[in-house]
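Asks: with the input below, show me the fold.
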Amino acid sequence: MKDTISERNQLISLWTLVIVRVVLILLCTAATLWLLYQVKKVLLLIIVSVFFCYLIAPLVRLFEQPVYIARREFKLSKGWAIAAAYLVLGSVLFIGLQILVPVLGDQLAQLAKNMPQYAANTTKWVQTRLDDASSWMAQLKIPREWRDRILSEFTRVAQESSPEIGSVLSGVFDSITYLLWVILVPIMSFFMLKDGGQFQKTVVSLMPNERLKRRANRLLNDASGTLAAYVRAQITACLVVWVLATLFFVAIGHHYGIVLGAISALLEFIPMVGPLLAISIAFGLSLTISFKTALGVLLGLGVLRLVQDYVIYPRIIGHGIKMHPLVVVLAILAGAEVGGVTGVFLAIPVIGLAMVAYHHYTAYNSTLEQGITASLQIPPSLDSKPGL
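Replies: The predicted structure follows:
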């Protein structure tokens, strides 16, 4: 009887300990997620800085290569190599801005000057379409109260769209605060590039045994390679879209071809949502010129998207991130639901890192099981004799 009571008490204590641990883990997870949500802007700043590191890392490695002059080796330190990469990148940006800013400035000034006229033309066009619709419905002998109801609904939608446009513009002006990141991102990236190797060594040294140290080192190297492949693919895709879109807009004689080409290139960095937003902006702006121009822009950009998404981009990304297209779509949709534009931006690299982590987890478990199996297979002693 006493043994039964003792076993029952031990079982209760064990389950109590398990429940307490599960509750503590859930609470810690919830607190961590809440903290990350509260500092999401800082977290996004860190992520952008990491992406910038991978962008200029090849240039830094190039400047770190030794140079031999008169049989003497000259090699820049890590800090000076990063500074040289910043200098080259800044010079390229400065020269590019000197070439593009005048053209962009002229087109933006012309767009701002003509915007009131475009708004008036759009209002007039909408009113004309409503009058045509009213006449058409009258010819179909639709009751007058139905016609008035339909037209009033169209008018209400048009009136409610004005505050939405205002809120979008307000959000654009609020995003000006992110201009400070132009200074913060290079500074943070400098220290990440300079001390990234030491950080990896520190993480590896925290592992309890040599097997885990080797696995952690491989995991960090593969994660770094995945992020580098993603960033390189996105930057290359942006450049390709910039060239192709600008050539297309210039070829059709669009008034704001340079501006729309730059917008298409910048939004290309955001998967799925960015290209759709670029097409919407180009189509809406082209409607202020003529419906024929807008239709041509829509068809041309549609063909460009098909070529970019199914021919060019798969070749660019290559073997860097091995991910099925369906997984990419689902990851982007899930990222949009969880974190909006930021979630869309981070969906693919997060899933890619998760796949790398899972691969290393399964590989480690496999090697661990093989080691246990080998240890259980004890060879017979050489001194033992059969039959004894």
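
Asks: can we go C-alpha only for contacts and neighbour counts from here?
Replies: OK.

Asks: which strands or helices does the helix or strand encompassing Ile281 pack on?
Replies: Under the criterion of DSSP states H and E, Ile281 resides in helix 273-287. Here helix 273-287 touches helix 257-267, helix 291-307, going by 3 or more C-alpha pairs under 8 Å, 6 or more residues apart in numbering; DSSP states H and E.

Asks: return the list of helices and strands in contact with the helix or strand following the longest one.
Replies: Stepping forward along the backbone from helix 291-307, the first helix or strand reached (DSSP H and E) is helix 313-317. Packed against helix 313-317 by the contact rule (3+ C-alpha pairs under 8 Å, 6+ apart) you find helix 210-251.

Asks: what mean pLDDT does the helix it packs on get?
Replies: For helix 210-251, mean pLDDT is 86.

Asks: just for the stretch 251-388 of the chain, where's the confidence low?
Replies: Within the stretch 251-388 of the chain, the ranges that satisfy pLDDT under 70 run 271, 317-322, 325, 341, 369-388.

Asks: hmm, 80 instead?
Replies: Of all residues in the stretch 251-388 of the chain, those with pLDDT under 80 make up the ranges 255-256, 269-274, 284-285, 287-291, 309-333, 335-336, 338-348, 364-388.

Asks: residue ranges with poor pLDDT in the stretch 51-200 of the chain?
Replies: Scanning the stretch 51-200 of the chain for pLDDT under 80 picks out the ranges 70-71, 96-181.

Asks: now do 90
Replies: The model of the stretch 51-200 of the chain has pLDDT under 90 over residues 51-79, 81, 89-90, 92-200.

Asks: so which residues of the chain form strands?
Replies: If DSSP state E is used as the criterion, the strands of the chain fall at 67-69, 72-74.

Asks: now the helices for this protein?
Replies: Using DSSP state H, the helices of the chain run over residues 2-38, 40-64, 78-139, 144-174, 181-205, 210-251, 257-267, 273-287, 291-307, 313-317, 325-376.

Asks: check the offset of the shortest one from the chain's centre.
Replies: Just to be clear, that refers to helix 313-317. Relative to the mean C-alpha coordinate of its chain, helix 313-317 is positioned 16 Å out (C-alpha atoms, centre = their mean, to the nearest Å).

Asks: before we move on, the earlier item: need the winner for burial among the helices and strands packed on helix 273-287.
Replies: Mean neighbour counts were compared across the helices and strands packed on helix 273-287 using mean count of other C-alpha atoms under 10 Å; the top stretch is helix 257-267, at a mean of 22.

Asks: re the thing from before, include distance to Trp34 when you put the helices and strands packed on helix 273-287 into JSON lines, please.
Replies: Formatted as JSON lines, the entries for the helices and strands packed on helix 273-287 read as follows, by distance: least, C-alpha to C-alpha, whole Å:
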{"stretch": "helix 257-267", "distance to Trp34": "29"}
{"stretch": "helix 291-307", "distance to Trp34": "38"}
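
Asks: so which of the ones you listed is nearest Leu26?
Replies: Shortest separation from Leu26 across these is recorded for helix 257-267, at 37.5 Å, computed as C-alpha to C-alpha.

Asks: tell me what that closest one is packed against?
Replies: For helix 257-267, where contacts count as 3+ C-alpha pairs under 8 Å, 6+ apart, the packed elements are helix 78-139, helix 210-251, helix 273-287.

Asks: residues of the shortest one that come out buried?
Replies: Residues of helix 273-287 classed as buried: 273-279, 282-283, 285-287 (neighbour count, 16 or more other C-alpha atoms under 10 Å).

Asks: do the same with stretch 212-223
Replies: Neighbour counts over stretch 212-223 (16+ other C-alpha under 10 Å) mark 213, 215-217, 219-220, 222-223 as buried.

Asks: looking at the residues you listed, which is nearest Pro186?
Replies: Compare each of these with Pro186 using C-alpha to C-alpha and the shortest gap goes to Ala223, at 21.8 Å.

Asks: contact partners for that closest one?
Replies: 353, 356 (C-alpha atoms under 8 Å, 6 or more residues apart in numbering).

Asks: quick one: it from Ile351, how far?
Replies: Ala223 sits 11 Å away from Ile351, taking C-alpha to C-alpha, to the nearest Å as the criterion.

Asks: just the helices of the chain: most buried one?
Replies: Comparing the helices of the chain on average neighbours, where mean count of other C-alpha under 10 Å defines a contact, helix 257-267 leads with a mean of 22.

Asks: just the CA trace of that one, in PDB.
Replies: Listed in PDB are the C-alpha atoms of helix 257-267, where the atom choice follows Å, rounded to 0.1, in the frame of the first residue of the first chain:
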ATOM      1  CA  GLY A 257      10.000  56.700 -68.000                       C
ATOM      2  CA  ILE A 258      13.100  57.300 -65.800                       C
ATOM      3  CA  VAL A 259      11.000  57.800 -62.600                       C
ATOM      4  CA  LEU A 260       8.900  54.700 -63.200                       C
ATOM      5  CA  GLY A 261      12.000  52.600 -64.000                       C
ATOM      6  CA  ALA A 262      13.600  53.700 -60.700                       C
ATOM      7  CA  ILE A 263      10.300  52.900 -58.800                       C
ATOM      8  CA  SER A 264      10.100  49.500 -60.400                       C
ATOM      9  CA  ALA A 265      13.700  48.700 -59.400                       C
ATOM     10  CA  LEU A 266      13.300  49.800 -55.800                       C
ATOM     11  CA  LEU A 267      10.000  47.900 -55.300                       C
END
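
Asks: tell me what angle that helix forms with helix 291-307.
Replies: Orientation of helix 257-267 against helix 291-307 (axes from the mean of the first three to the mean of the last three C-alpha atoms, to 10 degrees) gives an angle of 40 degrees.

Asks: now helix 257-267: how far from the chain's centre is it?
Replies: Worked out by C-alpha atoms, centre = their mean, helix 257-267 lies 18 Å from the chain centre.

Asks: now stretch 246-263
Replies: Mean C-alpha position of stretch 246-263 versus that of the full chain (C-alpha atoms, centre = their mean) differs by 25 Å.

Asks: got it, and stretch 216-225?
Replies: Using C-alpha atoms, centre = their mean, the mean C-alpha position of stretch 216-225 is found 20 Å from that of the whole chain.

Asks: export it as PDB, just CAs?
Replies: As requested, C-alpha coordinates have been extracted for stretch 216-225 and formatted as PDB (Å, rounded to 0.1, in the frame of the first residue of the first chain):
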ATOM      1  CA  ALA A 216      27.400  24.900 -35.100                       C
ATOM      2  CA  ASN A 217      30.200  26.200 -37.300                       C
ATOM      3  CA  ARG A 218      28.700  24.400 -40.400                       C
ATOM      4  CA  LEU A 219      25.300  25.700 -39.500                       C
ATOM      5  CA  LEU A 220      26.500  29.400 -39.300                       C
ATOM      6  CA  ASN A 221      28.400  29.000 -42.500                       C
ATOM      7  CA  ASP A 222      25.400  27.600 -44.400                       C
ATOM      8  CA  ALA A 223      23.100  30.300 -42.900                       C
ATOM      9  CA  SER A 224      25.500  33.000 -44.000                       C
ATOM     10  CA  GLY A 225      25.600  31.500 -47.500                       C
END
